[in-house]
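[1] Give me the fold of what follows.
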Amino acid sequence: MAQAKMHHPVSWVIFAGMAALLLSQGVPVRSGDATFPKAMDNVTVRQGESATLRCSVDNRVTRVAWLNRSSILYAGNDKWCLDPRVVLLANTKTQYSIQIQDVDVYDEGPYTCSVQTDNHPKTSRVHLIVQVSPKITEISSDISINEGGNVSLTCIATGRPDPTITWRHISPKAVGFISEDEYLEITGITREQSGEYECSASNDVAAPVVQRVKVTVNYPPYISDAKSTGVPVGQKGILLCEASAVPSADFQWYKDDKRLAEGQKGLKVENKAAFSRLTFFNVSEQDYGNYTCVASNQLGNTNASMILYEETTTALTPWKGPGAVHDGNNGAWRRGGCAWLLALPLAQLARQF
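    Down below sits the predicted model:
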């Protein structure tokens with residue numbers, strides 16, 4: 001702290017000089033001396049708060065001063081420093097106190113209360129500790145990586161005391177912290193490990209500060225649902241192909257080896273991020289057959305086949321008794337295996353005549 005350019009009585013100058021000399025020579029603290037005026041214990045404040053430094057005195061004290069290291073802050077009622085944040089709070093027969101406002105980290109350190117009794121200057125020291133809320137100063141950017149690659153995330157934070165840093169995966173399946181370090185290493189990352197990763201820095205001075213990094217895991221398409229569908233002639237039919245992929249898959253439809261184009265008469269192809277829908281507005285005999293859905297992105301492609309088959313609505317269709325077999329090509333229930341069921345009532349009828 002800068003020194004003020006003021007005029008002081010010669011006695012104060014001599015006393016302050018002797019106090020500073022004692023400090024520079026390393027005079028030991030005598031706060032344990034019951035007959036000696038005492039400064040308070042260590043003072044801990046948060047950055048931005050005010051610190052009050054108190055020194056208890058008695059009627060034996062003729063002169064008092066507060067010093068920061070070897071710089072004089074106050075001598076009696078006279079201010080010796082230029083720092084406007086330092087003010088005198090009390091100068092009484094029992095207490096000599098100053099206050100440092102809007103404390104910052106450079107204010108941390110030893111402060112000394114120097115008194116003169118019987119022409120012998122003595123000192124008592126207090127240490128000012130400045131705590132600083134945690135602050136994340138550096139964190140990895142969002143990252144996109146192919147499945148199977150390695151990921152390294154970094155989170156650097158400052159604070160006093162040094163903050164504790166933890167990483168966790170923001171996912172319903174994630175449990176607890178996955179790293180208690182500035183660095184998070186993931187080897188052979190999988191698609192299930194994609195999502196947001198949260199860095200938290202805490203030191204009990206203030207609420208933890210958190211920041212997140214988004215990790216995108218790219219992988220080739222995987223068709224999760226593709227089912228054959230039965231539709232009567234003249235009705236509306238839909239074939240659905242669902243696929244997961246990052247980036248999202250592009251879809252194409254084929255009938256046999258022929259690609260189906262958007263806008264083709266009687267058809268509509270609707271592509272979304274996770275599925276493709278092929279709609280037949282008025283199914284005809286020519287529409288029945290095998291269809292292939294192809295899903296692809298820059299990492300690969302996959303396909304699945306499904307059948308649009310004719311579904312009949314005869315009276316026997318609901319009957320799924322012994323021998324009923326579903327025909328995936330035309331949707332009818334074949335009844336060849338049930339001929340013996342028809343022969344049984346005929347034999348009973350013959351015995352009655």
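[2] switch to C-alpha atoms for all contacts and neighbour counts from now on
    Noted.
[3] Check for me that C199 belongs to a helix.
    No - counting by DSSP: H, G, I helix; E, B strand; the rest coil, one finds C199 to be strand, located in no helix.
[4] Who does the nearest residue to it once chain neighbours are set aside form a beta bridge with?
    Nearest non-adjacent residue to C199, counting by Cα to Cα, 6 or more residues apart in numbering: W167, 4.7 Å away. Residues in a beta bridge with W167, per DSSP bridges, are S179, C199.
[5] Run through the residues that contact W167.
    If a contact means Cα atoms under 8 Å, 6 or more residues apart in numbering, then W167 has 177-181, 184, 197-200 as its contacts.
[6] quick one: it and T154, what's the gap?
    To T154, W167 is 10 Å away according to Cα to Cα, to the nearest Å.
[7] before we move on, what about E182?
    6 Å.
[8] for the protein, what helix or strand is lowest in average pLDDT?
    strand 325-326 (a mean of 30; mean pLDDT, DSSP states H and E).
[9] neighbours around V205, how many?
    For V205, the count of nearby residues is 17 (other Cα atoms under 10 Å).
[10] That one: what's it in contact with?
    Each residue near V205 by Cα under 8 Å, 6+ apart is listed here: 46, 131-134.
[11] ok, 7 Å please
    Neighbouring residues of V205 by Cα atoms under 7 Å, 6 or more residues apart in numbering: 131-133.
[12] Name the member of those residues with the most neighbours.
    The residue in the contacts of V205 with the most neighbours, by other Cα under 10 Å, is Q131 (24 neighbours).
[13] which residues does that residue bridge with?
    Applying DSSP bridges, one finds that Q131 bridges with R46.
[14] Which residue ranges of the stretch 1-150 of the chain form helices?
    With DSSP state H, counting those that start in this stretch as the criterion, the stretch 1-150 of the chain has helices at 10-24.
[15] Tell me where it is predicted with low confidence.
    When residues are selected by pLDDT under 70, those of the stretch 1-150 of the chain lie in 1-40.
[16] What is the neighbour count of S144?
    13.
[17] can you check E198 too?
    Counted with other Cα under 10 Å, E198 comes out at 17.
[18] For stretch 166-178, buried residues please.
    Neighbour-count burial for stretch 166-178 flags 166-170 (criterion: 16 or more other Cα atoms under 10 Å).
[19] I'd like the distance from it to the chain centre, please.
    9 Å (Cα atoms, centre = their mean, to the nearest Å).
[20] Quote the end-to-end distance of that stretch.
    Distance between the two ends of stretch 166-178: 8 Å, counting by Cα to Cα.
[21] Could you give the average pLDDT over it?
    For stretch 166-178, the mean pLDDT works out to 81.
[22] Q235 reaches V283, doesn't it?
    Yes - if you go by Cα atoms under 7 Å, Q235 and V283 touch, sitting 5.5 Å apart.
[23] These two: which is more packed in?
    More neighbours surround V283 than the other of Q235 and V283, with 22 against 11 (other Cα under 10 Å).
[24] Relative to A90, how far out is the nearest residue to C293 once chain neighbours are set aside?
    Distances taken as Cα to Cα, 6+ apart put W253 closest to C293, at 4.8 Å, once the chain neighbours are dropped. W253 sits at a distance of 88 Å from A90 (criterion: Cα to Cα).
[25] if we can go back for a sec, quick check: the residue nearest to C199 vs T279, distance?
    For W167, the distance to T279 - Cα to Cα - is 47 Å.
[26] buried ones in stretch 183-196?
    183-184, 189-191, 193-196.
[27] List of residues touching it?
    Residues contacting stretch 183-196 (Cα under 7 Å, 6+ apart): 147-155, 169-170, 212-217.
[28] T137 contacts G159, doesn't it?
    No - using Cα under 7 Å, T137 is not in contact with G159; the gap is 10.2 Å.
[29] Against I139, how distant is the closest residue to G149 other than its chain neighbours?
    Once flanking residues are discounted, G149 sits nearest to G188: 5.0 Å by Cα to Cα, 6+ apart. Distance of G188 to I139, given as Cα to Cα: 22 Å.
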